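J.: this one's sequence-less:
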């Protein structure tokens, strides 16, 4: 169930219908997870069946969001208009994924949404990683998610255009 929420200077107001639909009790505690571009509110104490249902619901929401993004990008059919002839990404391996650990990001003051450039300047096992300030590109999509998008037939060229544009593709 998707419901609009009101935000005020003092915070967000969760609609009573949302609490009822999610089976929150009247005096039940909650915990809030602030993660990239979203907030997740969970019951503070859950049984195993409740936790399974919550995890599954989050997975289903993720699938809906990926399907929405796929719809915005369009299918990769070689005729999307973004590619001249053969898709330039058809032979690209998007399975390479490097995540900078959270503690390193904190030390270096790198935000989760920062576009990073990494290189090995010389032999010796040192990796230099810096925030570029550039708009996001395909390599900024986590490899498992990129795999899901490609499996769904998403046009990588169209996705990269949307990533770089920064235009809204969800909501009003």
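T.: In hand now; what should we look at? Given the structure is predicted, the values throughout are model-derived calculations rather than measurements.
J.: now do the domain split for the chain, please.
T.: 6-73, 78-172 (automatic domain parsing).
J.: so residue 107, which of the three states?
T.: helix (DSSP: H, G, I helix; E, B strand; the rest coil).
J.: any idea how far residue 101 is from it?
T.: 10 Å (C-beta to C-beta, to the nearest Å). Heads up, the C-betas are built off the backbone N, CA and C, glycines and all.
J.: swap in residue 15?
T.: Residue 15 is 37 Å from residue 101, by C-beta to C-beta.
J.: also residue 170?
T.: From residue 170 to residue 101 the distance is 29 Å (C-beta to C-beta).
J.: what do you get for residue 72?
T.: 31 Å.
J.: can you tell me, leaving aside adjacent residues, what's nearest to residue 13?
T.: For residue 13, ignoring the flanking residues on the chain, the nearest one in space by C-beta to C-beta, 6 or more residues apart in numbering is residue 6 at 4.7 Å.
J.: which of residue 72 and residue 101 has more residues huddled nearby?
T.: Higher neighbour count among residue 72 and residue 101: residue 72, with 15 against 8, using other C-beta atoms under 10 Å.
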